[in-house]
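Asker: Starting from these lines, generate the structure:
(chains A and B)
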Amino acid sequence: MKLAILQFKPRKGDVDANLAVLGEAFAQLAAEGESYDLIVLPEAALTGYFLEGAVYELAQDAETFAARVAKLWRERSAKRPVDLVAGFYENASGTYYNSAMYLRVLPEGHEIVHVHRKLFLATYGVFDEERFLSRGRRLQAFDTRFGRMAILICEDAWHAIMPTIAAIKGARALIIPSASPGRGLAGNGELESVRYWREILHAYAVEHGVYIFYAGLAGFEGGKGMTGSSRVVDPRGQTLAEGPEIGACIIRAEIDFREVDLARASLPLLGDLASVLPDLLLDDELLPALKRDALGVRST
Amino acid sequence: MIPVIDAAASLPSLEIDPGLAARWLEAFLRDELVSRRGTPNAVVGLSGGVDSAVTAFLCARALGPKRVWAIRMPYRTSSPASLSDAQRVVDALGCNVATIDISETVDGYLRQEPNADARRRGNVMARTRMLVLFDQSVKFDALPIGTGNKTERLLGYFTWHADDSPPLNPLGDLFKTQVWALARYLGVPMEIVDKAPSADLEADQTDEADLGISYAKADAILASMLLGYDDEQIAARGFALSEVSLVRKRVDGTHWKRHLPTTAMLSNTAINEFYLRPVDY
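Answerer: Down below sits the predicted model:
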């Protein structure tokens, strides 16, 4: 499978201008001899991430978003088929989500394969998603023509249980569109927030034997620098490519899903987990612990 | 134009941190020789090649050079350079050295087998060296330390119950190219690191000519093979299919060489089948 990650730098709130830039990127990809199979874009790719109340003006329903992106690809690629993943703010009949879509673009028409709605809405410090958005309720893995995958959006992937559930549901690749404002200057030439991403994605890839396709939004938004750092991690945890922290880029990668089988054969942690997890989840201390104010109350 | 970054392939890396490897192997040698076996002395058969040089360097670092006996065991056809290269190691380390010529022992037997071919003669030399090494270890109240590397073990390029017989082997999980990296780090004399590896059982013999493939290629192919990649996947990484199958054939034909003798199981107390105890129990 030939993968491209488009580390995209949008202009805040200007969907038409961003579509024009995206069209140029599509044309650049299509101008290469070989066809791409999957193109991944970051979270909130065509609007920028920090929208506050403007999210209601810019959110689109899934079908409208799909049709616009699919049409753009067809126009710029001489109608080559491709699969696309992109983050967008979704208006689902008046309920608003931070979503990402897996879209199959065909020579005529398109098919929405899956829409993931972000479950963990970042709402602390600089983040304020839950003030404006509703959270998704389900984490699903879904079948693509390249095998089963799952989408996690940004903070979704900061909770280790999310990649765990995705992998148990059969995902062989985790697609992670993200918008991560950089912070923390103490780390040896690497922003601390970038280092954190690098470390957890490495750990997920190794523990579950999955590919990670991480697409980071780029560019500054009102002083907050989105850290790009898009990356491809293979199922043994090797980072195969990493985008820069600043600015747009395209990462090209050749993906061979047989690597997943080989990685899981040499480190069968996912199989072990699937066997043990029911015992951990059915533990009769778990639900009472969750019902208590688990983070503050000392257990007696 | 948006700048493009091409992803690397998922390749097993042969790179090692030689400082870490040296530290780890010194700890291994000290633990086995001093803590576990109470025999803080080592004998190493020093051939003049890089494997035994690295082994001697590691032993000297782990135990101190005065607790290391380097045994040179030339045969009358051995290259003189082997002897002098071994001396470079002794000079660099300041360890003990003994030279025991195996010609008479080997020839004493081979006189009765005048038709033995080069392979048989080489095996007799290797097994004679094993005999000498074990006897010298008793003499010096020491243990013989093996020098076989992972590449030769996987390719079966060694004499069974000879090169592989010492009870401890620090290099057995390092590919040849990794041994070279470790040798450079340890300061093994460059004449030894840079020369073409040879078993020196026949004149002008080299390992790579014997094997039909370079160590650099063999190691890269083996590293992928051990992780489960099939021949076509490995060949796609820039090797001829014939090179990949040469390596696979050697590995698949020598599994027995990496085991103890096959014992007929006759009871439900068969040793190492039913009756199981760890080596350090």
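
Asker: Name the residue of chain B that lies nearest to chain A.
Answerer: residue B:7 (3.4 Å; C-beta to the nearest C-beta). All C-beta spots, glycine's among them, are computed from the backbone N, C-alpha and C.

Asker: right, and that residue touches residue A:256 too?
Answerer: No: shown here, residue B:7 and residue A:256 do not form a contact pair, counting by C-beta atoms under 8 Å, at 11.5 Å.

Asker: quick one: which of these two has more around it?
Answerer: Per other C-beta atoms under 10 Å in any protein chain shown, whichever of residue B:7 and residue A:256 has more neighbours is residue B:7, with 20 against 15.

Asker: Spit out the contact partners of that one.
Answerer: Shown in contact with residue B:7 (C-beta atoms under 8 Å, 6 or more residues apart in numbering or on different chains): A:3, A:232, A:240, A:241, A:251, A:252, A:253, A:254.

Asker: and if we set it to 10 Å?
Answerer: Taking C-beta atoms under 10 Å, 6 or more residues apart in numbering or on different chains as the criterion, residue B:7 is in contact with A:3, A:5, A:231-232, A:234, A:238-242, A:251-255.

Asker: show me which of these neighbour chain B.
Answerer: Among the contacts of residue B:7, proximity to chain B is found for A:3, A:5, A:231-232, A:234, A:238-242, A:251-255 (C-beta under 10 Å from any C-beta of the partner chain).

Asker: hang on, the earlier thing: now do the phi/psi pair for the residue of chain B closest to chain A.
Answerer: phi -70, psi 150 (degrees, to the nearest 10).

Asker: how much space between it and residue A:211?
Answerer: 11 Å (C-beta to C-beta, to the nearest Å).

Asker: if you look at the ones next to chain B among the contacts of residue B:7, which of them are in strands?
Answerer: Secondary structure from DSSP state E places A:3, A:5, A:231, A:232, A:239, A:240, A:241, A:242, A:251, A:252, A:253, A:254 of the ones next to chain B among the contacts of residue B:7 in strands.

Asker: Pretty sure residue B:237 is one of the things the last one touches, is it not?
Answerer: Translated: residue A:254. No: counting by C-beta atoms under 10 Å, residue A:254 does not reach residue B:237; the two are 11.7 Å apart.

Asker: Could you name every residue contacting both of these two?
Answerer: With C-beta under 10 Å, 6+ apart as the test, residue A:254 and residue B:237 both reach B:9, B:10.

Asker: how much space between the residue positioned nearest the centre of chain B and residue B:230?
Answerer: Using C-alpha atoms, centre = their mean, the residue of chain B that lies closest to the mean C-alpha position is residue B:148, 1.3 Å off. Distance from residue B:148 to residue B:230, counting by C-beta to C-beta: 27 Å.

Asker: Please enumerate the helices of the stretch 201-300 of chain A.
Answerer: In the stretch 201-300 of chain A, helices defined by DSSP state H, counting those that start in this stretch lie at A:258-266, A:269-281, A:286-291, listed in chain order.

Asker: Check those helices for me and report the most buried one.
Answerer: Across the helices of the stretch 201-300 of chain A, averaging neighbours per residue (mean count of other C-beta atoms under 10 Å in any protein chain shown) puts helix A:258-266 on top, at a mean of 18.

Asker: and it, is it in reach of chain B?
Answerer: Yes: part of helix A:258-266 sits near chain B under the criterion C-beta under 10 Å from any C-beta, namely A:258, A:259, A:261, A:262, A:263, A:265, A:266.

Asker: Report the two members of those separated by the largest distance.
Answerer: Pairwise distances across the residues of helix A:258-266 next to chain B (C-beta to C-beta) peak at 12.9 Å, for the pair A:258 and A:266.

Asker: Which residues are in contact with each of those two?
Answerer: By C-beta under 10 Å, 6+ apart, the residues touching both residue A:258 and residue A:266 are A:235, B:228.

Asker: What is the helix or strand bottoming out on mean pLDDT in chain B packed up against?
Answerer: Evaluated with mean pLDDT, DSSP states H and E, the helix-and-strand set of chain B has its lowest mean pLDDT in helix B:207-211, which scores a mean of 91. Other elements packing on helix B:207-211 under the criterion 3 or more C-beta pairs under 10 Å, 6 or more residues apart in numbering or on different chains; DSSP states H and E are helix B:150-155, helix B:215-226, helix B:241-252.

Asker: Including mean pLDDT, could those go into CSV?
Answerer: Output for those, formatted as CSV (pLDDT from 0 to 100):
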stretch, mean pLDDT
helix B:150-155, 97
helix B:215-226, 97
helix B:241-252, 97
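
Asker: Take the ones you listed and lay them out in JSON lines including mean neighbour count and distance to chain A.
Answerer: Listed next are the helices and strands packed on helix B:207-211 as JSON lines, based on neighbours: other C-beta atoms under 10 Å in any protein chain shown; distance: least, C-beta to the nearest C-beta, whole Å:
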{"stretch": "helix B:150-155", "mean neighbour count": "22", "distance to chain A": "17"}
{"stretch": "helix B:215-226", "mean neighbour count": "21", "distance to chain A": "9"}
{"stretch": "helix B:241-252", "mean neighbour count": "17", "distance to chain A": "16"}
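
Asker: Out of those helices, flag the one nearest residue B:199.
Answerer: Nearest of those to residue B:199, taken as C-beta to C-beta: helix B:150-155 at 9.2 Å.

Asker: Can you list the neighbours in contact with the closest one?
Answerer: Residues outside helix B:150-155 that contact it (C-beta under 10 Å, 6+ apart) are B:51, B:146, B:157-158, B:163-164, B:169, B:171-179, B:197, B:199, B:207, B:210-211, B:213, B:215, B:218-219, B:222-223, B:225-226, B:246-247, B:249-251, B:253-255, B:257-258.

Asker: picking up where we left off before, tell me the one of the residues of helix A:258-266 next to chain B nearest chain B?
Answerer: For these, the nearest to chain B is residue A:262 (4.5 Å; C-beta to the nearest C-beta).
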